[in-house]
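K.L.:
Need a 3D model of the following:
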Amino acid sequence: MGIHPTAIVDRTAEIASEAVIGPYCVIGPEVRIDAGTILEAQVHVHKWTIIGRDCRFSSFCSVGSDPQDLKYAGEPTWLRIGDRNVFREFVTLNRGTGGGGGTTIIGDECLFMAYSHAAHDSHMGNQIIMANAATLAGHVTVADCATVGAFSAVHQFCRVGPHAFIGGFSVITRDALPYVKTVGDRNQAKIYGINTVGLQRRGLPAKSIDELRQAYRILFRSQLNTGDALAKARERDWTAPEVAALFEFIESSERGFIR
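P.N.:
Below is the predicted model:
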């Protein structure tokens, strides 16, 4: 077990023999760290945190700290992190709250750049990119392969759809559509077409991207209201599952979505 002699590890923590705990790290009670995970210098993993395999934490990360919610009263809540995630310097991750389900969840193969933040009860999928200082408020859901740009913030209870791209310095106060580029500050935020480059990099078939473009034109360039545009779009025989996912996301939105 690669635990540096200057590290402080609570006796109730469970650390896999193949994990590495660097100098001056602090590991709190009831923490579990799986094999292959590396904590560099001066990382603080707070209580009730579970970390999967092959993750890497750069210096000064704060992992699993108390939720920043005045309603939190010290009840046991959790942060669960999957496998093969990278957390750069000064990333902050909060546990859940009793009123929000009790758990903050991060999937697999995500990249958190320096100073990014995920607040209490956020649920994140796989292969998500959080750029420098990107911030999620409490109860935010981010789906697979989404990107949140540098210095952007997502409001409480908002959803960010799969393969969504949020441009830098944006403030998202409604749902951000899947497969779409969204940029802007609050009421000035707008959509700017399908995230074509991102979808190509993720290996989506050209036919799926083409159908998404066609659906986008009907939904947002036809001058129809949302209900009529959806009805018109559903008249076509789409083969790409991504188009069906876009329709479902729009129909299930509770906060409204950015157009």
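K.L.:
What is the neighbour count of H120?
P.N.:
Neighbouring residues of H120 were enumerated by other CB atoms under 10 Å; the total is 30. C-betas here are computed from N, CA, C, even on glycine.
K.L.:
meant to ask about A73
P.N.:
When counting by other CB under 10 Å, one arrives at 9 neighbours for A73.
K.L.:
can you list the domains in the protein?
P.N.:
By the record's domain assignment, the chain is partitioned as 2-139, 199-252 (automatic domain parsing).
K.L.:
can you list the weak-confidence ranges in this protein?
P.N.:
When residues are selected by pLDDT under 70, those of the chain lie in 1.
K.L.:
returning to that earlier point: could the domains of the chain go into TSV alongside distance to I191?
P.N.:
Supplementary listing: the domains of the chain in TSV, determined by distance: least, CB to CB, whole Å:
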stretch	distance to I191
domain 2-139	19
domain 199-252	7
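K.L.:
what's the most buried one of these?
P.N.:
For the domains of the chain, average neighbour numbers computed from mean count of other CB atoms under 10 Å are highest in domain 2-139, which has a mean of 20.
K.L.:
measure that one end to end?
P.N.:
The distance separating the two terminal residues of domain 2-139, taken as CA to CA, to the nearest Å, comes to 35 Å.
K.L.:
ditto for stretch 139-158
P.N.:
Counting by CA to CA, you get 8 Å between the two ends of stretch 139-158.
K.L.:
Just the buried residues of it, please?
P.N.:
Neighbour counts using 16 or more other CB atoms under 10 Å place 139-158 of stretch 139-158 among the buried residues.
K.L.:
quick one: which of the residues you listed sit in strands?
P.N.:
Under the assignment DSSP state E, the buried residues of stretch 139-158 contribute 141-142, 147-148, 153-154 to strands.
K.L.:
Which of those sits closest to L199?
P.N.:
The shortest separation between L199 and any of these is 11.5 Å, and it belongs to T147 (by CB to CB).
K.L.:
Report the contact partners of the nearest residue to the closest one once chain neighbours are set aside.
P.N.:
Using CB to CB, 6 or more residues apart in numbering and skipping the chain neighbours, the partner closest in space to T147 is I129 (4.4 Å). Counting by CB atoms under 8 Å, 6 or more residues apart in numbering, I129 makes contact with 110-111, 113, 146-148.
K.L.:
nearest to E14, of the residues you listed?
P.N.:
For E14, the nearest member of the contacts of I129 is C110. The distance, counting by CB to CB, is 22.7 Å.
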